[in-house]
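> Can you look at this prediction? I've put the sequence above it.
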Amino acid sequence: NAGVTQTPKFRILKIGQSMTLQCAQDMNHNYMYWYRQDPGMGLKLIYYSVGAGITDKGEVPNGYNVSRSTTEDFPLRLELAAPSQTSVYFCASSLDRVGEKLFFGSGTQLSVL
Amino acid sequence: KQEVTQIPAALSVPEGENLVLNCSFTDSAIYNLQWFRQDPGKGLTSLLLIQSSQREQTSGRLNASLDKSSGRSTLYIAASQPGDSATYLCAVMKGNQFYFGTGTSLTVIP
């Protein structure tokens, strides 16, 4: 059972480039989340999804886009990368909203130079 | 807006000591609270989940308590071991979002 899988693990982008961070879970979870973690800060929610075809903004959505065409996949798109998007990105999922633990991927370390 | 605070930011203890990590939150209308462990360069692992109607949860040497009315939770680690060295984060769920604290970095000295 792989859990939550994120790719790539590391990436360096130039300012203005675009990329997609991939996230897949094999636990048939309904809820999926994208967080970013900056040094000394708590995790900040970027976007989340409550099921296939349904997404919503979190606390820091500017500069990002998501889609959820299947239950398993929840990619995060960065358009026109900026140095402020240098961070560690985590994807997470849970079966339900209220009573279930949150499972995390191992993260993607992104640098924008 | 929900604010989650963890104090202290860092803690260093000798092996075998019992210790308590603190988490406080500003809005008591939460669905649940989770404690996570994060090792350097890794993702977060959920340790304990406490529903809003519960007062505590236990798993092995770990015990987490929740006092919603005062907006506080504690994570108690008994008989600490060097392998417990990690960053511990708490998160509360309100609406469809989890709100995370900044974590306590724990070092257990052999």
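Good, I have the coordinates. Just so it is clear, the structure is predicted and the values come from calculations on it, not from any experiment.

> use CA for all of it now, contacts and neighbours both
Noted.

> how about the residues of chain A that lie near chain B?
A:40-45, A:58, A:90, A:97-107 (Cα under 8 Å from any Cα of the partner chain).

> Just the buried ones among these, please.
The neighbour-count criterion (16 or more other Cα atoms under 10 Å in any protein chain shown) marks A:42-45, A:58, A:90, A:97-98, A:101-107 among the residues of chain A next to chain B as buried.

> So which of these are in strands?
A:44-45, A:90, A:103-104 (DSSP state E).

> ok, so of those, who is nearest B:Arg55?
A:Phe103 (22.7 Å; Cα to Cα).

> doesn't A:Leu95 make contact with A:Asn28?
Yes - taking contacts as Cα atoms under 8 Å, A:Asn28 lies within contact range of A:Leu95: 7.2 Å.

> hey, what's B:Val4 bridged with?
B:Phe25 (DSSP bridges).

> for the residue nearest to B:Ala29 when sequence neighbours are not counted, phi and psi?
Once flanking residues are discounted, B:Ala29 sits nearest to B:Lys94: 6.9 Å by Cα to Cα, 6 or more residues apart in numbering or on different chains. Here is the backbone geometry of B:Lys94 (degrees, to the nearest 10): phi -140, psi 130.

> What distance do you get for B:Lys94 to B:Asn32?
From B:Lys94 across to B:Asn32, the span is 8 Å (Cα to Cα, to the nearest Å).

> what do you get for B:Arg72?
In terms of Cα to Cα, B:Arg72 sits 12 Å off from B:Asn32.

> what about these two, which has more around it?
Taking neighbours as other Cα atoms under 10 Å in any protein chain shown, B:Arg72 and B:Asn32 compare with B:Asn32 leading, 23 against 18.

> What about the nearest residue to that one once chain neighbours are set aside, how many residues nearby?
What sits nearest to B:Asn32 in space, not counting adjacent residues and going by Cα to Cα, 6+ apart, is B:Gln51, at 4.3 Å. Neighbour count for B:Gln51, taken as other Cα under 10 Å: 20.

> Thanks a lot, see you next time.
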